[in-house]
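*Asks:* Sequence and predicted structure below; questions after.
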Amino acid sequence: MKNLYIFISCFVLGLIGAAQTVQLNSFASGFSSPVEIAHAGDSRLFVVEKSGIIKILNSDGSVNPNPFLNISGLVGSGGERGLLGLAFAPDYATSGRFYVNYTDNSSTDQPNTVISKYTVSANPNVADTSGEIILTYQQPYSNHNGGKLAFGNDGFLYIAVGDGGSGGDPQNRAQNTNSLFGKLLRIDVSGATYSIPSNNPFSSSADGPNDPRPEIYAIGLRNPWKFSFDSTTNDLWIADVGQNAYEEINKVIGSGNPGDNYGWRCYEGTHTYNTSTNCPSGGLNSTVAPVAEYPHVGSGCSGSITGGYVYRGSNFPNFSGKYFFADYCTQNIGILTENGSNWDLVFQTPNITKGWTTLGEDVNGELYIAGGSSVYKISDANLDISENETFSFKMYPNPTKNIVNLDLSGIQNKVISINIYNIQGRKILGIAPTQQKITLNIQNYGGGLYFMEVRFDDSSKTIKKLTIN
Ligand SMILES: [Ca+2]
Ligand SMILES: [Ca+2]
């Protein structure tokens with residue numbers, strides 16, 4: 001069994017050592033069922049709402065009043081149906097091409113999944129509303145529609161397709177190469193119509209009703225609710241939602257091997273699920289084993305993975321190279337850390353808990369997460385920003401909500417200024433204190449992480465983290 005290492009973690013409450021502690025900071029709100037966040041190679045984020053609307057979220061946290069695209073008239077939305085995927089072409093800056101994945105409004109139970117091409121208009125903040133259908137296939141059930149789209153560094157479009165739905169993959173579609181369901185597809189969309197990359201595993205298939213589908217790149221997926229490519233190494237990460245027992249994360253070098261089998265429905269994680277028919281003769285060892293899995297705990301909504309990204313940003317060095325994901329049911333955030341040839345898994349209960357629906361990565365590699373109607377920035381509460389402190393001061397309460405007290409007893413005559421910075425480094429308050437004990441009203445600040453800086457007359461400064469709830 002290759003690369004298998006399972007670290008089943010207890011859910012960890014609070015701090016877990018000094019390596020990293022996730023802190024979520026409010027970034028933007030007012031979205032309706034956000035299910036995807038993408039960028040187009042510039043500072044904007046594009047937030048996909050399930051009903052069929054794409055909104056532009058600017059780097060200052062503002063949301064454009066006019067949507068980038070509104071195709072809600074084409075989209076059938078509800079439950080696991082809706083506008084689910086968005087990917088900008090690698091040459092978007094010149095071609096203006098982008099791709100969406102949605103379930104249409106033809107049927108609630110058996111809608112068509114549609115992958116369409118759109119282009120930006122002359123206004124960079126508004127898309128042309130006339131789309132062109134690239135690929136469509138009818139869903140056998142309303143659920144397990146996958147939907148994630150992303151370009152690999154090979155320039156090809158990868159498409160996550162769930163097993164079709166119901167439960168337990170009743171027609172065993174994920175292992176059936178005649179079916180697009182339960183697959184990772186890969187197509188070349190650089191031309192007028194899509195074509196098949198030459199090293200797709202069934203690229204030479206005749207594509208008749210009993211022939212393997214040439215669009216298939218990898219098989220054996222249940223409902224890959226998010227995959228991503230590491231923006232530094234290009235390694236492929238696939239999170240696959242489990243049936244009733246195990247959630248799993250798969251990682252392969254590069255985009256893996258054409259024809260890779262991720263195991264479902266024969267296996268749920270590394271556990272046999274249903275090996276009655278059409279399973280690989282080599283058993284579990286001949287499938288791609290997850291680098292991590294975790295069991296459901298309790299009943300009801302007890303586990304549903306939302307895959308994420310390897311952190312490649314620069315703001316939080318402790319995060320570098322770790323894979324961040326979340327769980328819709330437990331509302332925890334998971335972190336995978338490379339440990340030799342294995343990946344260690346820990347969960348953290350963040351300061352804000354929601355049913356997490358998607359993570360997102362901006363052009364600088366910083367990470368975001370969406371749940372409810374909001375988008376949060378993922379930051380490291382253990383960010384070490386202390387410099388050689390000459391003078392110390394007391395700050396309380398912390399975390400706080402409406403006010404924060406500073407006690408400068410013994411050092412007040414040395415203090416030049418007191419400044420508060422937000423997580424983006426923008427100064428939002430600056431005062432010169434005239435008293436030893438100061439109370440600051442911070443009730444109008446948004447919740448999140450801030451930095452309290454006190455500057456002294458010897459040019460030194462002391463900085464403390466301030467958390468506002
Ligand atoms: Ca379906
Ligand atoms: Ca699997």
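*Replies:* The structure has been received and is ready for your questions. Ligands and ions are numbered 1, 2, ... in the order given.

*Asks:* which residues does G410 contact?
*Replies:* Counting by Cβ atoms under 8 Å, 6 or more residues apart in numbering, G410 touches no other residue. C-beta: built from backbone N, CA, C; applies to glycine.

*Asks:* so I219 makes contact with Y262?
*Replies:* Yes: if you go by Cβ atoms under 8 Å, I219 and Y262 touch, sitting 7.0 Å apart.

*Asks:* separation between the residue of the chain positioned farthest from its centre and ligand 1?
*Replies:* When distances are taken from the C-alpha mean of the chain, N413 lies farthest, 48.4 Å away, according to Cα atoms, centre = their mean. Distance, N413 to ligand 1, by Cβ to the ion, to the nearest Å: 70 Å.

*Asks:* Look at that residue and tell me its secondary structure.
*Replies:* Assigned with DSSP: H, G, I helix; E, B strand; the rest coil, N413 falls in the helix class.

*Asks:* Report the contact partners of it.
*Replies:* Residues near N413 by Cβ under 8 Å, 6+ apart: none.

*Asks:* Could you confirm L284 falls within a helix?
*Replies:* Yes: under three-state DSSP, L284 sits within a helix.

*Asks:* wait, isn't it in contact with G269?
*Replies:* No: using Cβ under 8 Å, L284 is not in contact with G269, being 9.9 Å away.

*Asks:* Of the two, which one has the most company?
*Replies:* Shown here are L284 and G269; by other Cβ atoms under 10 Å, G269 has more neighbours (23 against 18).

*Asks:* Could you check the pLDDT of the more buried one?
*Replies:* pLDDT, G269: 97.

*Asks:* was I right about it contacting A292?
*Replies:* No: between G269 and A292 there is no contact under Cβ under 8 Å: 9.2 Å.

*Asks:* Now the common contact residues for these two.
*Replies:* With contacts defined as Cβ under 8 Å, 6+ apart, the residues shared by G269 and A292 are E248.

*Asks:* element containing I418, please.
*Replies:* strand 415-422 (DSSP states H and E).

*Asks:* ok, then the element right after that strand?
*Replies:* Beyond strand 415-422 on the C-terminal side, the first helix or strand identified by DSSP H and E is strand 427-431.

*Asks:* Buried ones in that following strand, by neighbour count?
*Replies:* By 16 or more other Cβ atoms under 10 Å, the buried positions in strand 427-431 come out as L429.

*Asks:* What of stretch 302-310?
*Replies:* Residues 303-310 are the ones in stretch 302-310 that count as buried (16+ other Cβ under 10 Å).

*Asks:* what's the average pLDDT for the strand holding I418?
*Replies:* Mean pLDDT, computed over strand 415-422, is 90.

*Asks:* Between strand 427-431 and it, find me the angle.
*Replies:* Here strand 415-422 runs at an angle of 160 degrees relative to strand 427-431 (axes from the mean of the first three to the mean of the last three Cα atoms, to 10 degrees).

*Asks:* Direction included, what does strand 415-422 pair up with?
*Replies:* Strand 415-422 pairs in its sheet with strand 427-431 (antiparallel), strand 448-456 (antiparallel), by DSSP bridges.
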